[in-house]
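In: task: produce atomic coordinates for the following.
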Amino acid sequence: MLIIANHKIFSALLTMEISSATLCDRCREIPFLSLSCPTRGDLDRALNAKKHNRQHLLTRTLPLREKDSRETEVPSKVELGSLEKIERSAQSCELCALVWSVVQRQGGIYEGNVKIPSGDEMVCCIRTDPRFGYVTDSLMDGEGVCPDTLVLLCRMSMTVEAADNRWIPLAWFDQFAQACNPGVLLPPTTPVPINNRSAGEGMLFAGRKIPETVDLSLLRRWIEICDSEHENTCLLDVDDDITFDRIRMIDVRQRCIKTFENTSHTEIKYIALSYVWGRSQKVMLTKASKPDFERPGFFGQDLDVPQTIADALTLTEGLGIEYLWVDALCIVQDDTDDLKLQIGNAASIYHAASLTLVASSGLDCNAGLAGLRPGTRASSFKQQEVVVIPPGDEKFPSGLSLVTTCRSQRQNWPADYKIVDDDLDLSVWSSRGWTLQERVLSRRNLVFTDEQVVWVCDGGYFCEESCFEPPPSDKTTMSPFKTPLRVEPFGAVLKPSSMKSISGAVTRDWTSRRRFWEKYGRLVEMYTRRNFTYPGDMFDGFRGISAGFQTITGEELHWGHPRSRFELSLSWRSTYGLYRRAELSTLPMTSLNTRVGFPSWSWMGWKGQAEFEVTDERLETESPAIRCFVHKSESMDETVVVPVSRPNQGYMQAPEPLKRKTRVIGYGSDLREMNVLLSDIQKHSPTLHSRLHTIPNEHVLFFWASCASTTQFQLEVPPELLLKEKTPTIADWISQARPTIKNLDGGVVGSLDRMDDTEYWNLVLDEDRYDIGFVVVGRRHIPDLPQFPAMLLVLQVRWNGDGEVAERLNIGEIQEEAWLQDEKAEIRLVSLM
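Out: So this is what the prediction gives:
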């Protein structure tokens, strides 16, 4: 009786401690259950439905239940009114106070630092449908909803919309609160609710309190989960023996550099550090400093290393791992041969690491690992909890609270902004060129952001702010690979914060050809958005990614272009404009073993975001109009000309549309059947022919193509592209017209991509120039839609002084009918460099 009485007293005290928040009338209309996380019962129902192939009978949103056509649809959007109304209501409504704090923290800014208008002309709307991720036990590498989704997880967001135009939000505060069990932010001395996970009730995969400093035992638990339960996804295959000819490591106990030669990855357990150098990176391994770096105790006693590296040494030792790899300290920075060797090993170094430590917070190498030491986490973020359904509620007995998340949205929407971007995506680390391959080559990543630590591996996603670890004693998984239940964030294929490694088991065994090319195109897009301290690093910063893709697919890349779809890949584009890359490669390369320029036909030869698409879907409506050849010279007297394309015979083999013939353009033969011989180059480009041995092998593309001068067409450019009055925002790019191509009668027959370079426009709009022309490289036609005319994909090029060599300037499209009417169009040998 005494035990029962004490339990009743405890429950009563608990209910008093965790009472429902005071909410305004508008906030009470929010369907909070749509934001709830699954209970053990929900998961059992979902798994049972999957077992009997009845998933389609259940709702995917919570609370999980059978679909009922008579059930009234719950609204996912609730209007709170203007920002001023939310600010006033925050005095009495706890949820409005939480929302207002989010607005204050993120600034209430949109579109290029323009303040959100005040007054009733703006309406703030709470959304409960933005999907953070899903619970699954599938290994499928998917971007959208996985077919084996058990439960969807949603988070609260808010849009700010113009009262007279509700279609496009002016501002978006995305996924700023998640569901949690009531009381997660209570002090440790407060009794824990009886309706919690350990009691077998309450919500799973819900929010939790973030400690002021990182709990290393939690990080070790994540490693243990991956070691014991992700054998099929994250651990290296027993046959995958990676041998390093030479590699250096920092011994974290001896605090010095050790060199290993002809060593298997199984003999070294190490962490690889991925971080931002910045201009503060002064400590580097050189030929002169190497003897000192190899002396035990040198780091920390005789040499103060940058804070990020110092923290990495402390963390590595705290996790019980013996070695740490840091590029600045493990590669001899003034030794060209060592640089080439280690950069060539990048794919193996990051892939073989026990884990990669990503230091994404701060601006440079002195930022440290946020949260490892007291007072180093972002002071602007304080978790807040609002109890919206108290424990003991009749419909949801465990109760439900909302707790703020770590998501820190940008305070404006630049042209390249994406709503799905996370804190990691928006960090300085994510803007640097080298860090992308470091991230995507790694099987397991421990990511330190400003506000929390995140674990991303091929088999799971964990974070400090949410209980995403597998439920205790979970033996109900249906996966044939015995993978535990896990949370998979949406967009994992596309986002650095959660994407899988490009050469791991999930990508190798579960990525379709379609998904592969989508992922590759997205990687090119992300990579070209990034910056280099030394712009000539553009090729080397992508070498590891190229090697990783080639390992799993056999696909060979040439300057970032797949050989199996090479001609199709030449018609890559850009939405936001480009600048020509003038710098030479930082390191010696190519057959000449010297620093070389970047070819204009490759996206690597340009600065700015490139859009690279060679998917099967594109092949349904487009086909190349050319066949490219390149030269290979062993000496002045030994030169051969060979095709660039090399068909892939594996599952990456191109479908039939790539093999079909392109419609004849003006003449009686298919240009893709015309070979380029060395004698052709000698005849049509004698000067170029005489110096081929001085040009890197496979640097110049030779092909027969239909060509026309731009004097046969007129260009009309939107004034805003030329005026440069302000930095364009995403809204500007959406509404801005593309430059148009007109025939000599003034009729619009095509368009060009936008370009952001004033020098480019001065060049192509100069009416006295006769060295600018168009070259047909492909054709697009949709037979089922006759109202859309066939279009030719054309490169805009500039010919050199003697007309032998062309350089890409831009890309566009011209109606095939208009092109065929140009009597001066001719077939000629193009040498594109």
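In: endpoints of stretch 812-820, how far apart?
Out: Stretch 812-820 stretches 16 Å from its first residue to its last (Cα to Cα, to the nearest Å).
In: list the buried residues in that stretch.
Out: Buried positions in stretch 812-820, judged by neighbour count with 16 or more other Cβ atoms under 10 Å: Gly812, Glu813, Ile814, Gln815, Glu816, Ala818, Trp819. Placement of C-beta: from N, CA and C, glycine included.
In: closest to Val151 among those residues?
Out: Closest approach between the buried residues of stretch 812-820 and Val151, by Cβ to Cβ: Glu813, at 44.8 Å.
In: quick one: residues contacting the closest one.
Out: Gly750, Ser751, Arg780, Met791, Leu792, Leu793, Val794 (Cβ atoms under 8 Å, 6 or more residues apart in numbering).
In: show me what the residue nearest to it when sequence neighbours are not counted is bridged to.
Out: Distances taken as Cβ to Cβ, 6 or more residues apart in numbering put Met791 closest to Glu813, at 4.4 Å, once the chain neighbours are dropped. Beta-bridge pairing for Met791 (DSSP bridges): Arg780, Gln815.
In: Met791: neighbouring residues, count only.
Out: Using other Cβ atoms under 10 Å, Met791 has 24 other residues around it.
In: how about Arg515?
Out: Arg515: 17 surrounding residues under other Cβ under 10 Å.
In: and what of Ala162?
Out: Using other Cβ under 10 Å, Ala162 has 14 neighbouring residues.
In: ok, back up a step: state the pair within the buried residues of stretch 812-820 that is farthest apart.
Out: By the measure Cβ to Cβ, the buried residues of stretch 812-820 have their two most distant members at Gly812 and Glu816, which lie 13.4 Å apart.
In: output the contacts of Glu813 as TSV; include the columns pLDDT.
Out: Shown next, in TSV, are the contacts of Glu813 (pLDDT from 0 to 100):
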residue	pLDDT
Gly750	94
Ser751	93
Arg780	91
Met791	93
Leu792	95
Leu793	96
Val794	97
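In: among the residues you listed, which one lies nearest to Trp603?
Out: Comparing the contacts of Glu813 against Trp603 with Cβ to Cβ places Leu793 closest, at 15.4 Å.
In: could you look up the SS state of the residue nearest to that closest one when sequence neighbours are not counted?
Out: Of all residues not flanking Leu793 in the chain, Gly778 sits nearest, at 3.8 Å (Cβ to Cβ, 6+ apart). What DSSP: H, G, I helix; E, B strand; the rest coil gives for Gly778 is strand.
In: okay, and the beta partners of Cys256?
Out: Going by DSSP bridges, Cys256 is paired in beta bridges with Asp251.
In: need the buried residues of stretch 812-820 in TSV (columns: distance to Pro599 and pLDDT).
Out: Below are these laid out as TSV (distance: Cβ to Cβ, whole Å; pLDDT from 0 to 100):
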residue	distance to Pro599	pLDDT
Gly812	20	95
Glu813	22	95
Ile814	24	95
Gln815	29	95
Glu816	28	93
Ala818	29	93
Trp819	26	94
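In: the nearest residue to Ala825 once chain neighbours are set aside: neighbour count?
Out: Leaving aside its sequence neighbours, Ala825 sits nearest to Ala708 (Cβ to Cβ, 6+ apart; 4.2 Å). The local packing of Ala708 (other Cβ under 10 Å) involves 20 other residues.
In: so how far is stretch 46-61 from its chain's centroid?
Out: Computed by Cα atoms, centre = their mean, to the nearest Å, the chain-centroid distance of stretch 46-61 equals 32 Å.
In: and if you look at stretch 520-527?
Out: Distance of stretch 520-527 from the chain centroid (Cα atoms, centre = their mean) equals 7 Å.
In: now do stretch 521-532
Out: Offset of stretch 521-532 from its chain centre (Cα atoms, centre = their mean): 8 Å.
In: who's in contact with the residue nearest to Leu793?
Out: For Gly778, the contact set (Cβ under 8 Å, 6+ apart) comprises Glu567, Leu568, Leu570, Ser571, Glu622, Ser623, Pro624, Ala625, Ile626, Thr662, Leu792, Leu793.
In: just those: which are in helices?
Out: Glu567, Leu568 (DSSP state H).
In: hang on, isn't the residue nearest to Glu813 packed against Arg779?
Out: Yes: Met791 is in contact with Arg779 according to Cβ atoms under 8 Å; the separation is 7.2 Å.
In: measure the residue nearest to Glu813 to Asp616 for me?
Out: Distance, Met791 to Asp616, by Cβ to Cβ, to the nearest Å: 20 Å.
In: do the same with Lys51
Out: Lys51 sits 34 Å away from Asp616, taking Cβ to Cβ as the criterion.
In: Gly320: neighbour count?
Out: The number of residues packed near Gly320 is 10, by other Cβ under 10 Å.
In: Lys340 reaches Thr586, doesn't it?
Out: No: in this structure, Lys340 is not within contact of Thr586 by Cβ under 8 Å, at 10.6 Å.
In: what about Asp766, neighbour count?
Out: Asp766, neighbours per other Cβ under 10 Å, totals 11.
In: what pLDDT is listed against it?
Out: If you check Asp766, the pLDDT there is 86.
In: repeat that for Gly371.
Out: 94.
In: low-confidence ranges, the stretch 601-750 of the chain, go.
Out: The stretch 601-750 of the chain contains residues with pLDDT under 70 at 636, 648-669, 721-736.
In: if we use 80, what do you get?
Out: 635-637, 647-669, 719-737 (pLDDT under 80).
In: which residues in it form helices?
Out: Under the criterion DSSP state H, counting those that start in this stretch, the stretch 601-750 of the chain contains helices at 616-619, 678-684, 686-690, 719-723, 730-735.
In: that older thread, which ones are touching the residue nearest to Glu813?
Out: Neighbouring residues of Met791 by Cβ under 8 Å, 6+ apart: Gly750, Arg779, Arg780, His781, Glu813, Ile814, Gln815, Glu816.
In: how about those residues in JSON lines, adding distance to Thr533?
Out: What follows is these, written out as JSON lines (distance: Cβ to Cβ, whole Å):
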{"residue": "Gly750", "distance to Thr533": "39"}
{"residue": "Arg779", "distance to Thr533": "41"}
{"residue": "Arg780", "distance to Thr533": "39"}
{"residue": "His781", "distance to Thr533": "45"}
{"residue": "Glu813", "distance to Thr533": "37"}
{"residue": "Ile814", "distance to Thr533": "40"}
{"residue": "Gln815", "distance to Thr533": "44"}
{"residue": "Glu816", "distance to Thr533": "45"}
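In: dump stretch 703-721 to CSV, restricted to CA.
Out: Taking C-alpha atoms only, stretch 703-721 is exported to CSV below (Å, rounded to 0.1, in the frame of the first residue of the first chain):
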residue,chain,number,x,y,z
PHE,A,703,34.9,17.0,-83.9
TRP,A,704,32.9,17.7,-87.0
ALA,A,705,30.0,20.0,-86.4
SER,A,706,27.6,22.4,-88.0
CYS,A,707,28.8,25.9,-87.4
ALA,A,708,27.4,29.4,-88.0
SER,A,709,28.6,33.0,-87.3
THR,A,710,26.7,35.1,-84.7
THR,A,711,26.4,37.7,-87.4
GLN,A,712,23.6,35.7,-88.8
PHE,A,713,21.7,36.2,-85.6
GLN,A,714,20.9,39.0,-83.1
LEU,A,715,21.3,39.0,-79.3
GLU,A,716,18.9,40.8,-77.0
VAL,A,717,20.0,41.0,-73.4
PRO,A,718,17.8,41.9,-70.4
PRO,A,719,19.0,45.3,-69.0
GLU,A,720,19.3,44.0,-65.5
LEU,A,721,22.0,41.6,-66.6
